[in-house]
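# My questions are about this predicted structure, shown below with the sequence.
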Amino acid sequence: MLAGAGRKTRVHQVRGCSPLFLCNEAEIVSELSIFIDESGDFGTYDIRSPYYIITMVFHDQSCDISEPIAKLRRDLSNFGIDPDHSVHTGPIIRREKEYEFMPIEERRRILNSMVTFIRHCNIRYHCIHIDKKHILFLGKGL
């Protein structure tokens, strides 16, 4: 079992069986792309960085997502952002570098385009949320 956000997430129990979040209507996918990203600092607990989050995105290669990708690229281009730019939400929210002079309305449109992209893609995702105050670090207590 993995601890997460006040609840427990069951991990697959039998070798060779895929976790249910990888199945598409009780059908095991034949070719699966998996993208993994993390957020947070895995160091000791700090009030400014209390969590460590791991997100896995699963894409069944038999599902075509080229149209949602093309729409997101068009949206980014319309916002004056290079369509090949890797968009991260943190810098948009914190108005870092390339977003520092961008009005809140435009930054919201970028975030909304990303949400629309996710909602229209036939992908699945799973997040593991680790509350660092419950982890022992090199002999340090809770």
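Looks like it came in fine. Numbers count the residues shown, from 1 in each chain.

# contacts, neighbours, all on C-alpha from now
OK.

# longest strand of this protein?
Secondary structure of the chain per DSSP state E: the longest strand is strand 51-60.

# what does that one contact?
Applying C-alpha atoms under 8 Å, 6 or more residues apart in numbering, the contact partners of strand 51-60 are 22, 29-42, 45, 122-132.

# can you rerun that using 7 Å?
Residues outside strand 51-60 that contact it (C-alpha atoms under 7 Å, 6 or more residues apart in numbering): 29, 31-42, 123-132.

# Direction included, what does that strand pair up with?
Looking at strand 51-60 with DSSP bridges, its partner strands are strand 32-39 (antiparallel), strand 124-131 (antiparallel).

# circling back to that earlier point, if any of the contacts of strand 51-60 are buried, put those into a PyMOL selection.
Burial among the contacts of strand 51-60 is assessed by 16 or more other C-alpha atoms under 10 Å; the matching PyMOL selection reads:
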select buried, resi 123+124+127+128+129+130+131+132
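
# Outline the domain layout of the chain.
1-63+123-142, 64-121 (automatic domain parsing).

# would you turn those into TSV with mean pLDDT?
Output for those, formatted as TSV (pLDDT from 0 to 100):
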stretch	mean pLDDT
domain 1-63+123-142	70
domain 64-121	91
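
# center of the protein, which residue is that?
Nearest to the geometric centre of the chain sits Thr55, at 4.6 Å (C-alpha atoms, centre = their mean).

# buried set for the helix ranked longest in the chain?
Longest helix in the chain by number of residues (criterion: DSSP state H): helix 104-120. By neighbour count on 16+ other C-alpha under 10 Å, the buried set for helix 104-120 is Arg107, Ile110, Leu111, Ser113, Met114, Phe117, Ile118.

# quick check, nearest of these to Lys71?
Distance ranking of the buried residues of helix 104-120 against Lys71, using C-alpha to C-alpha, places Phe117 first at 7.9 Å.

# count of residues packed around the closest residue to that closest one other than its chain neighbours?
Closest residue to Phe117 apart from its sequence neighbours, by C-alpha to C-alpha, 6 or more residues apart in numbering: Pro68 at 5.7 Å. Residues lying near Pro68 (other C-alpha atoms under 10 Å) number 18.

# Ile118 versus Pro68, what's the distance?
In this structure, Pro68 and Ile118 are 8 Å apart, going by C-alpha to C-alpha, to the nearest Å.
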